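>>> How does the following fold in three dimensions:
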Amino acid sequence: MKPLELRNRWVLVTGASSGLGREMARVLARDYGANLVVVARREERLVVLASELEKNHGIQVRVIPADLSREGESDRVFTEATRETNLVGAILNAGVTHFGNWDELSWEEFQNMHALNVTSVVRMTTLLLPYLEKRAENGALLLVSSMAGLMPIPYQTAYSATKGFLVNFGCGLHHEMMPRGVSVTTFVPGGIRTEMTDGQRFDELRGWLMPVERCASEAVRAFRERAYLHSPGFVYRVGAVVSRMLPQRLFISRVAEQYRRSLEQYRRAHERKG
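Numbers count the residues shown, from 1 in each chain. Model (predicted):
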């Protein structure tokens, strides 16, 4: 299939109120002239983003506030998004993480994480793929996973597991859907400088975090070019290769040690303040 034509066409973006989702919306509008349906919990932020993009780039933006971790919200978003617009593609980006010991994550928080990171993505995909196939415009879907989905990541154990599901789900669908005229791309960024990583727990890791603007540009390019599995940034791509060459247990132990140091520094800082 040819690269996806985006100018004056409609793309759905979830998790668009901040971080990577917001920057991908900006890239789609600024660099490709796409019209957007933006989705997130925080309506006021979506309204500000919509105003910015319409004013600066002359596109159209529709706002749909929704908490995709709640049952039934994915169906409502899909119905509203396709009622008045013809989507050519969607970027499913909404997600939440937990950085800390596994048992610091409550059962309720885990259920919310699973509902948002996994269930909502599967439900939206289940609704979107038949829709895009039926429209016969060679549409495209981008699932935002993480490099944490390529291997288990200690201290992000539950998050890593949810993102691992998305890697297998997206890569499997790529092979199933390409012959049917719809591309499915799985995007696996490493750490990104966003609100999600603003907390002090990430202080020791901040030097490894990729600027969100550059990550967003690579994500949209992978989406448009119908990539299979794409990791942004040279360092992270090299890291992905190295991690496959080394014994997995050895590589993960090094990651665990670095994450443990960051958490211990955070705890010591809080103890001094106390």
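>>> State the mean pLDDT of the helix or strand where Arg45 lies.
Remark: Arg45 resides in helix 43-57, with elements defined by DSSP states H and E. The pLDDT scores in helix 43-57 average 98.
>>> what lines up beside the next helix or strand after it in the sheet?
Once the chain leaves helix 43-57, the next helix or strand it forms, by DSSP H and E, is strand 61-65. Paired strands of strand 61-65, with direction, are strand 35-40 (parallel) (DSSP bridges).
>>> buried ones in stretch 131-139?
Under the neighbour-count criterion of 16 or more other Cβ atoms under 10 Å, stretch 131-139 has 131-132, 137-139 buried. For every residue, glycine as well, the C-beta is placed using N, CA and C.
>>> Strands of the chain, start to end?
For the chain, the strands defined by DSSP state E cover 10-14, 35-40, 61-65, 87-92, 140-144, 183-187, 192-193, 210-211, 229-230.
>>> Nearest to Ala219 among these would be which one?
strand 183-187 (5.0 Å; Cβ to Cβ).
>>> Other residues contacting the closest one?
Around strand 183-187, the neighbours that count as contacts under Cβ atoms under 8 Å, 6 or more residues apart in numbering are 1, 4, 129, 138-145, 166-167, 170-171, 173-174, 177-178, 219, 222-223, 226-232.
>>> List of residues touching stretch 61-73?
Against stretch 61-73 from outside (Cβ under 8 Å, 6+ apart): 14, 29, 35-43, 46-47, 49-50, 53-54, 74, 76-77, 80-81, 84-85, 94, 112, 115-116, 120, 124.
>>> Drop anything exposed from those.
Using 16+ other Cβ under 10 Å, the buried ones in the contacts of stretch 61-73 are 14, 29, 35-41, 46, 49-50, 53, 74, 77, 81, 85, 94, 112, 115-116, 120, 124.
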